[in-house]
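Chemist: Sequence and predicted model, in that order:
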2 protein chains.
Amino acid sequence: MQRTDFSKMACSIARTLDVIGEPWSPLILRDVWVGMSRFEQLQADLGISRKVLTERLNHLVDHGVLERRPYDNRPRYEYVLTQKGTELVDMLMVMVGWGDRWLAGEAGPPVLYRHHACGEISTTELCCANCGKPMHANDVDVLAGPGSAA
Amino acid sequence: MQRTDFSKMACSIARTLDVIGEPWSPLILRDVWVGMSRFEQLQADLGISRKVLTERLNHLVDHGVLERRPYDNRPRYEYVLTQKGTELVDMLMVMVGWGDRWLAGEAGPPVLYRHHACGEISTTELCCANCGKPMHANDVDVLAGPGSAA
DNA sequence: TCCTTGAGTTCCTTGAGGGAACCCTAACAA
DNA sequence: TTGTTAGGGTTCCCTCAAGGAACTCAAGGA
């Protein structure tokens, strides 16, 4: 496929895609998040080729999203989310929200989230870190930042 | 590549990936969001192959994320975000937040957001739609929903 | 000693991405 | 009336990544 390298673009979307833009990566993170941490489990659950799973796991470990840990005297390893990886799951939660709203259909959402703070089944909402009010795509102006190319 | 079809998995992440999981799609949405709406503009800005751009745009239009609109008597078209597409940009904003925190480095974030409601440069925060408090990956229990496979 | 299990490698085939060249339509210009 | 230009794509070929199946390796256990 000889894919274009996104990592050098002056864009946080492109850079993030360079880390988890490969098709399987978000699903791997999801599985690890819900407690599926071993190679065989991931391979069986996702139906991913073992070769590609190896590549993806190495890539995620290289980028500090997952950590590879032995869990036995035998050469056995499990993959756990780092802080960096855990924060990526936030993105997955937003992704889930969109999928639930627009793609779930009659059957309803495949999973639900119970929020520890209030104990209720709830969904995520994007808010402004400054004022706390909703902050969506149409609620902002986009300005050039210090790291912009120009 | 003969990629695995995610669309039939009982998972909103997989279904969302089926719509915008291809490598270029998020970048196309980003560009359309900031006002780059024509084929030639997108092609030049992204450096994407014309063939692949055509495929991606058609895919996004087919899935109702973009709308293809004539803007001239001549056969000229522009692509604009639908409501469905605009809500996807929320996900991009979260992606940007993560990229800014973990990948931007010394140079700082390439773009900044000014929130209309408070007028300040700010970032997004994930909150609970029910109680309004922060709601991150570690703040929830994941439960099977009505649309789960089991 | 053989068997099993987890965690990968190796190898081959196929098909998607990259890239360049080409095509089509409608307005303009000469 | 015949170029010419510009936007928006097709077509073609080549390469390399995804799929898939088979193979390997190390450490226990029967």
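Modeler: Good, I have the coordinates.
Chemist: I'd like to know which elements the helix ranked longest in chain A is packed against.
Modeler: Across chain A, the helix with the greatest residue count (assigned by DSSP state H) is helix A:83-103. Helix A:83-103 is packed against helix A:25-33, strand A:124-128, helix B:12-20, helix B:83-102, strand B:124-128, with contacts defined by 3 or more Cβ pairs under 8 Å, 6 or more residues apart in numbering or on different chains; DSSP states H and E. Bear in mind the C-beta positions are built from the backbone N, C-alpha and C, glycine included.
Chemist: ok, then the element right after the first one?
Modeler: The first helix or strand that comes after helix A:25-33 along the chain, using DSSP states H and E, is helix A:39-46.
Chemist: follow-up on the earlier one: out of the helices and strands packed on helix A:83-103, which gets nearest to residue A:18?
Modeler: Distance to residue A:18, taken as Cβ to Cβ, is lowest for helix B:83-102 among those, at 9.2 Å.
Chemist: buried residues in the helix or strand just after that closest one?
Modeler: Downstream of helix B:83-102, the first helix or strand assigned by DSSP H and E is strand B:111-115. Going by neighbour count (16 or more other Cβ atoms under 10 Å in any protein chain shown), the buried part of strand B:111-115 is B:111-113, B:115.
Chemist: And for stretch A:14-23?
Modeler: Under 16+ other Cβ under 10 Å, the buried positions of stretch A:14-23 are A:14-23.
Chemist: do the same with stretch A:125-139
Modeler: Neighbour-count burial for stretch A:125-139 [16+ other Cβ under 10 Å]: A:125-130, A:135, A:137, A:139.
Chemist: Show me the two of the residues you listed that sit farthest apart.
Modeler: Farthest apart among the buried residues of stretch A:125-139 by Cβ to Cβ are A:130 and A:137. That separation is 17.2 Å.
Chemist: ok, now which ones touch residue A:38?
Modeler: For residue A:38, the contact set (Cβ atoms under 8 Å, 6 or more residues apart in numbering or on different chains) comprises A:76-79.
Chemist: Just put these in CSV and tack on secondary structure.
Modeler: Shown next, in CSV, are these (DSSP: H, G, I helix; E, B strand; the rest coil):
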residue, secondary structure
A:76, coil
A:77, strand
A:78, strand
A:79, strand
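Chemist: JSON lines for the residues you listed, including neighbour count?
Modeler: Output for the contacts of residue A:38, formatted as JSON lines (neighbours: other Cβ atoms under 10 Å in any protein chain shown):
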{"residue": "A:76", "neighbour count": "12"}
{"residue": "A:77", "neighbour count": "14"}
{"residue": "A:78", "neighbour count": "17"}
{"residue": "A:79", "neighbour count": "23"}
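Chemist: out of these, which one sits closest to residue A:62?
Modeler: Using Cβ to Cβ, the contacts of residue A:38 come closest to residue A:62 at residue A:79, 12.5 Å.
Chemist: Please identify the nearest residue in space to the closest one, excluding sequence neighbours.
Modeler: residue A:66 (4.7 Å; Cβ to Cβ, 6 or more residues apart in numbering or on different chains).
Chemist: Hmm, that neighbour is touching residue A:81, no?
Modeler: Yes: with contact defined as Cβ atoms under 8 Å, residue A:66 reaches residue A:81; the gap is 6.4 Å.
Chemist: joint contacts of the two?
Modeler: A:29, A:32.
Chemist: Around DNA strand D, which positions in chain A sit nearby?
Modeler: Counting by Cβ under 7 Å from any atom of the strand, chain A comes close to DNA strand D at A:1-3, A:22-24, A:47-52, A:55, A:72-75.
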